[in-house]
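*Asks:* Sequence plus predicted model, see below.
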Amino acid sequence: MHSHDLLIDGYNRIKEEVHGVVGGLSPEQLQARPGEGANSITWLIWHLTRVQDDHVADAAGTDQVWLARGWAARFDLPLAETDTGYGHTAKEVGQVRVASGELLLDYYDAVHEQTLRYLSGLTDADLDRIVDEGWDPPVTLGARLVSVLSDDLQHVGQAAYARGLL
């Protein structure tokens, strides 16, 4: 097994969880917030997808699916096109709304497909490449990919919890 196989397995697990959380929910259920100021399932899934799209595209030197394939226009959110949800206020969380879970899943699947294409071409040596000098120590590609994986799993876990409260 190669390192990229482990990463692919991890990202495939995120996909399974995302589909399990979103599948079968109405728009109202997707927008429900378990408490005042809490995140909705819609926001959590949108945010984890935006972060994956942004970070993996940056590391790969490719365009974000959100921007290059018209997803920003399809979602038509009252936010900057480059917004990933990082640091959102409760009001901004409430602005992330969708007409259906299919829109969320279709965007997620497009990002997942681009991520897998990138991961499948990586070698073990690629994972040592520095992708962000802004941290001490600088961030390697391997650390960035694991960081996104961890962040996505945390957010989909939060979404699963929110679904369980419905």
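*Replies:* Done, it's in. Note that this is a predicted model, so its numbers are computed, not measured. Residues are numbered from 1 along each chain as shown.

*Asks:* So what touches the lowest-mean-pLDDT helix or strand in the chain?
*Replies:* Counting by mean pLDDT, DSSP states H and E, the weakest-scoring helix or strand in the chain turns out to be strand 130-132, with a mean of 93. Contacts of strand 130-132 with the rest of the structure, by C-beta atoms under 8 Å, 6 or more residues apart in numbering, involve 58-59, 138-141, 144. C-beta here means a position set from N, CA and C on the backbone, and glycine is covered the same way.

*Asks:* Mind giving me the PyMOL command for buried ones among those?
*Replies:* Buried subset of the contacts of strand 130-132, written as a PyMOL selection, criterion 16 or more other C-beta atoms under 10 Å:
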select buried, resi 59+139+140+141+144
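
*Asks:* just the contacts of strand 130-132 now: which is nearest Ala38?
*Replies:* The shortest approach to Ala38 among the contacts of strand 130-132 belongs to Arg144, at 28.1 Å (C-beta to C-beta).

*Asks:* That closest one and Gln52, how far apart?
*Replies:* For Arg144, the distance to Gln52 equals 11 Å [C-beta to C-beta, to the nearest Å].

*Asks:* Nearest residue to the middle of this protein?
*Replies:* Thr49 (2.0 Å; C-alpha atoms, centre = their mean).

*Asks:* any idea how far the least confident helix or strand of the chain is from the chain center?
*Replies:* 20 Å (C-alpha atoms, centre = their mean, to the nearest Å).

*Asks:* Check stretch 118-132 too.
*Replies:* Offset of stretch 118-132 from its chain centre (C-alpha atoms, centre = their mean): 19 Å.

*Asks:* Show me which positions of that stretch end up buried.
*Replies:* 118-119, 122, 126-127, 131.

*Asks:* and those, which of them are in strands?
*Replies:* Counting by DSSP state E, the buried residues of stretch 118-132 place Val131 in strands.

*Asks:* In terms of distance to Tyr161, which of the buried residues of stretch 118-132 ranks first?
*Replies:* Nearest to Tyr161 among the buried residues of stretch 118-132, counting by C-beta to C-beta, is Leu119 at 27.6 Å.

*Asks:* Need the pLDDT of the closest one.
*Replies:* On the pLDDT scale, Leu119 is placed at 97.
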